[in-house]
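Trainee: structure, please.
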Amino acid sequence: MDWMEFPWTDDITNYVREITEPIDTIVLGRKLAEGFIPHWANVAKDPDNPEYEGGVKYASTQKIVFTKTLDKSIWENTEIAKGDLVEEITNLKHRPGKDIIAYGGGAFVSALIKNKLIDELHLFVNPAAIGSGMPIFKELTEMQKFNLVDVQKFECNIIAMLYKPE
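Mentor: Model prediction:
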């Protein structure tokens with residue numbers, strides 16, 4: 001993750017706060033969950049941490065980890081999903097509540113895109129060329145078209161593009 005631009009500037013922090021405010025569920029793959037969930041739980045325990053507010057949001061929000069290897073959750077506020085991805089996400093979308101946000105890794109996000117389960121795609125481009133890594137469109141078996149809704153350039157030189165499927 002050394003290719004990511006840090007520290008973030010206030011404008012991108014506010015952008016992320018705005019897109020995470022209306023959520024009540026986080027879905028993520030197991031590999032990312034192993035670092036993501038403990039990281040934010042620790043941040044939420046430290047009021048002096050500059051990311052404390054985000055830590056509290058992520059730690060207290062219901063999380064659903066999609067996995068083939070775990071049988072039970074080892075984290076607070078977290079359920080395990082082992083069923084069919086399309087069925088599980090479709091069922092989540094039909095539950096009453098607020099928005100759902102998905103965090104990678106690449107294989108998980110690629111599966112969501114492949115199965116047309118994404119309603120909005122916030123694509124962040126960091127100012128680095130690494131020449132390798134896990135592409136998020138690798139699993140696509142057919143072309144999908146997206147409409148560009150908005151572009152934001154932040155002071156830290158990250159760009160966020162908001163796309164919606166056609």
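
Trainee: check which helices and strands the lengthiest helix in the chain is in contact with.
Mentor: In the chain, taking DSSP state H as the definition, the longest helix is helix 30-44. Secondary-structure packing of helix 30-44 (3 or more C-beta pairs under 8 Å, 6 or more residues apart in numbering; DSSP states H and E): helix 52-60, strand 62-66, helix 106-114. All C-beta atoms are positioned from the backbone trio N, CA, C, and that covers glycine.

Trainee: closest one to residue 10 among these?
Mentor: helix 52-60 (12.5 Å; C-beta to C-beta).

Trainee: any idea how far that closest one is from the chain center?
Mentor: Here helix 52-60 is found 14 Å from its chain centre; the criterion is C-alpha atoms, centre = their mean, to the nearest Å.

Trainee: need the contact partners of it.
Mentor: With C-beta atoms under 8 Å, 6 or more residues apart in numbering as the test, helix 52-60 has contacts from 13, 16-17, 20, 26, 36, 40-46, 49, 76-77.

Trainee: where does pLDDT dip in the protein?
Mentor: Residues of the chain meeting the criterion pLDDT under 70: 1.

Trainee: how many neighbours does residue 70 have?
Mentor: By the criterion of other C-beta atoms under 10 Å, residue 70 has 17 neighbours.

Trainee: give the contact list for it.
Mentor: Applying C-beta under 8 Å, 6+ apart to residue 70 gives the contacts 30, 80.

Trainee: show me where this protein has strands.
Mentor: Assigned strands in the chain, in chain order: 23-29, 62-66, 78-81, 99-103, 121-125, 146-153, 159-165 (criterion: DSSP state E).

Trainee: quick one: distance of stretch 111-118 to the chain centre.
Mentor: Here stretch 111-118 is found 13 Å from its chain centre; the criterion is C-alpha atoms, centre = their mean.

Trainee: hmm, who's touching it?
Mentor: Contacts for stretch 111-118 (C-beta under 8 Å, 6+ apart): 85-86, 89-90, 102, 121, 136-137, 139-141, 144, 165.

Trainee: which one of the helices and strands packed on helix 30-44 lies closest to residue 31?
Mentor: helix 106-114 (7.8 Å).
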